[in-house]
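# For reference, the sequence and a predicted model appear below.
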Amino acid sequence: MSSENLYERGEQMRREILGEAYVAQSAASTDPFSAPIREFAIKHLWGEIWAREGLDRRSRSIVNLALLTALNRPTELKVHLRAALNNGLSKNEISEIFFQCGLYCGIPAGSESTRIAKQLFAEIDAEAAAEVAAK
């Protein structure tokens, strides 16, 4: 597959998993310094890995939440929490992932991911309430 096709497939995958708003914000915040890593990630992470048939999106989200917890990557964790919800995971399943991580990675890791998820879920609920109020 050509580099251009990988990029297009990666962008489509990001839109489906992360949502239009996130992709638009990411594009708007890209500058010459960050453009090379962003393009690399879109092509290879999203256009190749996430598009593979070996695991479904839901399973990839489970793996990502566990890995990002273990690696203590709170910024990426927040992004992938939204993706996990979009990929069909429930809040309860996400809680169980962090509980499992707490055992294998340490309680601080599981607890921190749980805190981040609670904050994000509150933001999502507020966004939904604002959309309803705007209608």
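On my side now, so go ahead. Residues are numbered from 1 along each chain as shown.

# can you list the domain ranges for this structure.
Residue ranges for the domains of the chain, per automatic domain parsing: 1-52, 56-135.

# Now tabulate those in TSV and tack on mean pLDDT and mean neighbour count.
(C-beta placed from N, C-alpha, C; glycine too.) Below are the domains of the chain laid out as TSV (pLDDT from 0 to 100; neighbours: other Cβ atoms under 10 Å):
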stretch	mean pLDDT	mean neighbour count
domain 1-52	93	14
domain 56-135	96	15
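
# What is the helix or strand harbouring Ile17 packed up against?
For Ile17, the host element (DSSP states H and E) is helix 3-18. Applying 3 or more Cβ pairs under 8 Å, 6 or more residues apart in numbering; DSSP states H and E, we find helix 3-18 packed against helix 20-28, helix 74-86.

# go again using 6 Å as the cut-off
helix 74-86 (3 or more Cβ pairs under 6 Å, 6 or more residues apart in numbering; DSSP states H and E).
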